[in-house]
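**Q** Coordinates for the following, if possible.
(one chain, ligands or ions: 1)
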Amino acid sequence: MYLHGTSTINEEGHLSIGGVDTVKLAKNYGTPLYVYDVALIRQRAREFQEAFKKHNLNYQVAYASKAFSSIAMIQLAEEEGLSLDIVSGGELYTALKAGFPAERIHFHGNNKSAEEINMAVEAGIGCFVVDNFYELELLEEAAEEHGKTLSLLLRTTPGVEAHTHDYILTGQEDSKFGFDLNSGQVEKAIQSILKKDCFNLLGLHCHIGSQIFETTGFVMAAEKIFSYIKKWNESFSYVPKVLNLGGGFGIRYVKEDDPLHPSRYIEAMIKVVKTQAEQLEINVPEIWIEPGRSLVGDAGTTLYTIGSQKEIPNVRHYVAVDGGMSDNLRPALYQAKYEGMLANRPKETAEEKFSIAGKCCESGDMLIWDLPLPNPNHEDVLAVSCTGAYGYAMSNNYNRIPRPAVVFVENGDAQLVIKRETYEDLIRCDLPLKKPVVK
Ligand SMILES: *Cc1c(COP(=O)(O)O)cnc(C)c1O
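**A** Predicted coordinates for the structure are as follows:
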């Protein structure tokens, strides 16, 4: 297993993260347990921002909080000077409860409800990333009701396909997200927004996909959008103040993954935006980005306790852990790949390959196939790295398994930031069956 961030093997020969022994964490907090390397999150947040600071332009780095949202995580994003993307009333509620400044919150989503929109307008969020014409109607109603002017970004789909897994592609034309650029929907939306006093159109947005390892897709998307800006500038003098190029920066889950340093993506974006703006002789727009995975993904590690095993001679050796698709849905959902090691004896030689099964009643509940390990037994703690994004966020109560706890570790200190769910929590919303009415 690759050691990300502050992960090392300590003097006791255990995996240590943030200066804290993971075997002790497993003992103190139980398993499954999500452990976040706070220093690594801070480092990533700074890498993105520093890449912008070298250039003289306005920018915002917004954490896409859907990757991992919790009060403490949002507070950490605020400490690091990030803005925040939210996609639902629940993510907005979390951000507001965390005390995050509303003016740095951007609201995404392809089906925001009137209720969610009202909540966001009342809170005074920074902008709505408008996805469709129906939303524009809802926004207009909300703006009038509250007597407010709403700042908007228009989500466009530029028809650029980033090389990644099909399930998580959102940038191509056949997408449920955003206004289509090629068919003229974006232009129609811009013109209708510009007519309304209740709207302040900040600019344009696109998000071309996820787990992207090249800069080409971002450059192509920006060029495509600028080819339209040229047209709009000539025909009705429209020039965006902000260009949001989305998130999707790749991280290293397994050794085949070869991500670029955050600065490489930013440099490429700045270059194309500056070049294009100069060609059109317009002001260079502010560049906004929205990293999710790349801020928190490699900072997360999940600890499990090894349980039962099943060996089918000459076929496969299954080793089950005390979690699975209830705490990490990505392998079952996307065939996502992970690396792992025994946290209590990471240096021992691997005897053979073991396939790590979850405990849910689904054959597809497999976390890692064919992982080389020293013969595991039920006293071992399995660490699975790089689970920080879309892990806890997608956790669920399938089989009525309580969600795990989450701890932040930094400088030798561990802090519980999400409590483990209890059985009592699981039935909190359940109501008993009505007694039959006797007539
Ligand atoms: C999911 C999403 C992001 C973050 O994507 P990552 O791959 O986690 O960086 C950013 N912007 C939008 C609009 C998204 O939907």
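**Q** which residues are in contact with the longest helix along the chain?
**A** The longest helix of the chain (DSSP state H) is helix 216-236. The contact list for helix 216-236, computed with Cβ atoms under 8 Å, 6 or more residues apart in numbering, reads 156, 158-163, 171, 181, 186-187, 190-191, 194, 204, 206, 208-209, 212, 238-240, 243, 245, 265, 268-269, 272-273, 276-277, 280, 282. Yep, even glycine has a C-beta here, placed from its N, CA and C like the rest.
**Q** Any of these buried? List them.
**A** Buried members of the contacts of helix 216-236, scored by 16 or more other Cβ atoms under 10 Å, are 156, 158-162, 171, 181, 186-187, 190, 204, 206, 208-209, 212, 238, 240, 243, 245, 265, 268-269, 272-273, 276-277.
**Q** what about G323, how many neighbours?
**A** 27 (other Cβ atoms under 10 Å).
**Q** just checking, it touches T31?
**A** Yes. Taking contacts as Cβ atoms under 8 Å, G323 lies within contact range of T31: 7.3 Å.
**Q** between those two, what contacts are shared?
**A** Residues touching both G323 and T31 by Cβ under 8 Å, 6+ apart: Y304, P404.
**Q** Where does G90 fall, secondary structure wise?
**A** Assigning secondary structure by DSSP states H and E places G90 in helix 89-97.
**Q** for stretch 387-407, which positions count as buried?
**A** 387-395, 398, 401-407.
**Q** I figured L181 was touching P158, is that so?
**A** Yes. Under the criterion of Cβ under 8 Å, L181 makes contact with P158 at 5.1 Å.
**Q** Out of the contacts of helix 216-236, name the ones that lie in helices.
**A** 186-187, 190-191, 194, 265, 268-269, 272-273, 276-277, 280.
**Q** Pick the one among these closest to S65.
**A** S65 lies nearest to Y265 out of these, by Cβ to Cβ, at 19.7 Å.
**Q** Can you tell me how far the nearest residue in space to L150 that is not next to it in sequence is from V87?
**A** The shortest distance from L150 to any non-neighbouring residue, by Cβ to Cβ, 6 or more residues apart in numbering, is to A143 (5.0 Å). As defined by Cβ to Cβ, to the nearest Å, A143 lies at a distance of 20 Å from V87.
**Q** in stretch 282-296, what counts as buried?
**A** Judged by neighbour count using 16+ other Cβ under 10 Å, the buried positions of stretch 282-296 are 284-296.
**Q** now, which of those lie close to the ligand?
**A** Among the buried residues of stretch 282-296, the residues lying close to the ligand (Cβ under 6 Å from any ligand atom) are E290, P291, G292, R293, S294.
**Q** Is it correct that the last one falls within a strand?
**A** No. Following the definition DSSP: H, G, I helix; E, B strand; the rest coil, S294 is helix and is not counted among the residues of a strand.
**Q** For the ligand, give me its nearest residue in the stretch 51-200 of the chain.
**A** For the stretch 51-200 of the chain and the ligand, the shortest gap (Cβ to the nearest ligand atom) falls at A64, measuring 3.4 Å.
**Q** correct me, but L201 touches S192?
**A** No. Counting by Cβ under 8 Å, L201 stays clear of S192, with 10.2 Å between them.
**Q** Looking only at neighbour counts, state which of those two leads.
**A** Relative neighbour count places L201 above the other of L201 and S192, with 21 against 13, counting by other Cβ under 10 Å.
**Q** How about that one, nearest residue that isn't a chain neighbour?
**A** Per Cβ to Cβ, 6+ apart, closest to L201 is I193, 4.9 Å.
**Q** again with S294
**A** Nearest non-adjacent residue to S294 (Cβ to Cβ, 6+ apart): F249, at 4.0 Å.
**Q** Looking at strand pairing, list the partners for that neighbour.
**A** With DSSP bridges applied, the residues forming beta bridges to F249 are I212.
**Q** Those residues of the stretch 251-400 of the chain touching the ligand, which are they?
**A** Near the ligand, when you scan the stretch 251-400 of the chain using Cβ under 6 Å from any ligand atom, you find E290, P291, G292, R293, S294, A389.
**Q** Look up which helix or strand the second one falls in, please.
**A** In this structure, P291 is located outside every helix and strand according to DSSP H and E.
**Q** Show me where the stretch 1-150 of the chain has its helices.
**A** Along the stretch 1-150 of the chain, the segments classed as helices by DSSP state H, counting those that start in this stretch run 22-29, 38-53, 71-79, 89-97, 114-123, 133-146.
**Q** Turn the ones you listed into CSV, including mean pLDDT and mean neighbour count.
**A** Shown next, in CSV, are the helices of the stretch 1-150 of the chain (pLDDT from 0 to 100; neighbours: other Cβ atoms under 10 Å):
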stretch, mean pLDDT, mean neighbour count
helix 22-29, 98, 19
helix 38-53, 98, 19
helix 71-79, 98, 20
helix 89-97, 98, 18
helix 114-123, 98, 17
helix 133-146, 98, 16
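**Q** got the end-to-end distance for stretch 115-130?
**A** Taking Cα to Cα, to the nearest Å, stretch 115-130 runs 15 Å from one end to the other.
**Q** hmm, who's touching it?
**A** 83, 85, 88-89, 92-93, 96, 102-109, 112, 135-136, 138-139, 142-143, 145-146, 148, 150-155, 189, 193, 202, 205, 244.
**Q** 7 Å instead, please
**A** Under the criterion Cβ atoms under 7 Å, 6 or more residues apart in numbering, residues 88-89, 92, 96, 102-108, 136, 138-139, 142, 146, 148, 150-155, 202, 205 lie in contact with stretch 115-130.
**Q** what about it, distance to the chain center?
**A** Taking Cα atoms, centre = their mean, to the nearest Å, one finds stretch 115-130 lying 20 Å from the centre of the chain it belongs to.
**Q** Can you give the domain ranges for this structure?
**A** Annotated domains of the chain cover 8-30+299-426, 38-292 [automatic domain parsing].
**Q** any chance of those domains in JSON lines, plus distance to K434?
**A** Conversion of the domains of the chain to JSON lines gives the following (distance: least, Cβ to Cβ, whole Å):
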{"stretch": "domain 8-30+299-426", "distance to K434": "21"}
{"stretch": "domain 38-292", "distance to K434": "29"}
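**Q** Just give the nearest non-adjacent residue to N28, would you?
**A** In space, N28 is closest to A414, 7.6 Å off (Cβ to Cβ, 6+ apart).
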